[in-house]
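A.B. asks: build the 3D model from these lines:
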Amino acid sequence: MRMIEDAKSERFDLIVIREVSRFARNTVDTLQETRKLKNIGVEVYFIDDNISNYNRFIDAFKNSTIFFSLDEKEKKIIKKRYFDGRTQMEVADEIGISQAQVSRLEKSALENIKKYYK
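C.D. replies: The predicted model follows:
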């Protein structure tokens with residue numbers, strides 16, 4: 001994505017966006033892209049949602065209806081994968097299930113999240 005490349009080139013250190021839905025296609029993409037930007041020192045500010053950094057976006061998502069719609073195991077997997085940056089193997093080892101089970105549960109959780117954006 002060009003924006004990430006420009007951020008890596010230190011062309012800017014702040015992105016201001018009217019609302020979260022204008023930043024990416026869905027919550028998962030928003031989480032991934034804001035994490036990338038945070039890691040290279042770029043802050044993202046969502047005006048309408050009054051969210052001024054990655055951690056506040058994470059907090060807003062974790063307290064949303066979407067996140068609460070997931071079952072406990074799906075929440076744990078999404079948190080570890082997208083908030084803590086763990087691989088599927090790391091998550092599997094941490095919660096005592098196979099990598100294939102993590103993959104299936106993650107896919108199910110993401111499908112549930114996507115329902116809110118259709």
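A.B. asks: make it CA atoms for all contacts and neighbour counts henceforth
C.D. replies: Will do.
A.B. asks: tell me the buried residues in the host helix or strand of residue 112?
C.D. replies: In this structure, residue 112 is located in helix 99-115 according to DSSP states H and E. When burial is assessed from 16 or more other C-alpha atoms under 10 Å, helix 99-115 yields the following buried residues: 99, 102-103, 105-106, 109-110, 112-113.
A.B. asks: for those, give me JSON lines that also has pLDDT and distance to residue 74.
C.D. replies: Conversion of these to JSON lines gives the following (pLDDT from 0 to 100; distance: C-alpha to C-alpha, whole Å):
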{"residue": "99", "pLDDT": "95", "distance to residue 74": "14"}
{"residue": "102", "pLDDT": "95", "distance to residue 74": "9"}
{"residue": "103", "pLDDT": "94", "distance to residue 74": "10"}
{"residue": "105", "pLDDT": "94", "distance to residue 74": "6"}
{"residue": "106", "pLDDT": "90", "distance to residue 74": "6"}
{"residue": "109", "pLDDT": "86", "distance to residue 74": "6"}
{"residue": "110", "pLDDT": "82", "distance to residue 74": "9"}
{"residue": "112", "pLDDT": "78", "distance to residue 74": "10"}
{"residue": "113", "pLDDT": "75", "distance to residue 74": "11"}
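A.B. asks: on that earlier part again, ok now the helix holding residue 112, how far from the chain's centre?
C.D. replies: Mean-position distance between helix 99-115 and its chain equals 14 Å (C-alpha atoms, centre = their mean, to the nearest Å).
A.B. asks: swap in stretch 92-103?
C.D. replies: Between the centre of stretch 92-103 and the centre of its chain there are 20 Å (C-alpha atoms, centre = their mean).
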